[in-house]
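Asks: this one's structure only:
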């Protein structure tokens, strides 16, 4: 069933104090306000030298004949539906992670040129999955990746619960659909993750650049199966029920590893 975000006036303001939305408080005026932010307000947050701009998605705009991604690449115009949660969160992602967004756009446009505007490649599906539900996870302990790759969710989220709070794991939520789904705190969220292994001194921002470079170079996001599922609702503070061990034994977001399923080696952050 297709997800329909709640109306603005129906959103419980308390959701903005919960993960992942509590990580976006620099946009609190757009999220908490009674009125939707205007396109001009979104554009006012760009750096002066940014080439992209948000523009209202109108019939006139769409009649230019360009694919959504082509319009960004050629004209710097990001078609944005007004009074729409999905597109508001997309704008916020653009403003916070422009390097990643530009990397995805570059690869999407290359595949549109190769496959046309109606067909989609495996790489395009991977890029779209990451754009909608992507998470960048930096791990500083290889044993955590072993648990993750086995889908040993009880061990990863309960037995190693402290790792999600002590800096052993760093996360950047990139998928704007994840933020939209988080408007309903009862929903169980699952992200599509790119994983970066790093040393104890690494910062999450370094991992973002590492992933963006790998996407631009064509080394990453060439197939949806590269992405590791990550049940975000198991992370401390992401779902009210996960303080109880029983959640980590039976939560619907915890899917077993399919027979024959394996994941590629993570990126490695080199200094």
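Replies: Structure received. Every value quoted in this text rests on a predicted model; they were computed, and no experiment measured them.
Asks: shaky segments in the chain?
Replies: Within the chain, the segments meeting pLDDT under 70 span 271.
Asks: For it, just list every one of the helices.
Replies: Remark: helices assigned in the chain by DSSP state H are 28-32, 39-43, 59-62, 68-75, 85-96, 98-115, 122-133, 142-149, 153-154, 176-181, 204-216, 247-250.
Asks: Tabulate the ones you listed (TSV), appending mean neighbour count and distance to residue 195.
Replies: Placement of C-beta: from N, CA and C, glycine included. What follows is the helices of the chain, written out as TSV (neighbours: other Cβ atoms under 10 Å; distance: least, Cβ to Cβ, whole Å):
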stretch	mean neighbour count	distance to residue 195
helix 28-32	14	29
helix 39-43	16	31
helix 59-62	10	37
helix 68-75	18	25
helix 85-96	21	19
helix 98-115	18	15
helix 122-133	20	12
helix 142-149	16	7
helix 153-154	20	16
helix 176-181	22	17
helix 204-216	18	9
helix 247-250	15	21
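Asks: Kindly state which of these is positioned closest to residue 170.
Replies: Closest to residue 170 of those, according to Cβ to Cβ: helix 204-216, at 4.0 Å.
Asks: contacting residues for residue 126?
Replies: Residues near residue 126 by Cβ atoms under 8 Å, 6 or more residues apart in numbering: 221-224, 226-227.
Asks: just to revisit the earlier point, looking at the helices of the chain, spot the one closest to residue 197.
Replies: Closest of the helices of the chain to residue 197 is helix 142-149, at 6.8 Å (criterion: Cβ to Cβ).
Asks: would you turn the contacts of residue 126 into a markdown table with neighbour count and distance to residue 245?
Replies: A markdown table is the format used below for the contacts of residue 126 (neighbours: other Cβ atoms under 10 Å; distance: Cβ to Cβ, whole Å):
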| residue | neighbour count | distance to residue 245 |
| --- | --- | --- |
| 221 | 28 | 35 |
| 222 | 17 | 38 |
| 223 | 13 | 35 |
| 224 | 16 | 32 |
| 226 | 19 | 32 |
| 227 | 22 | 28 |
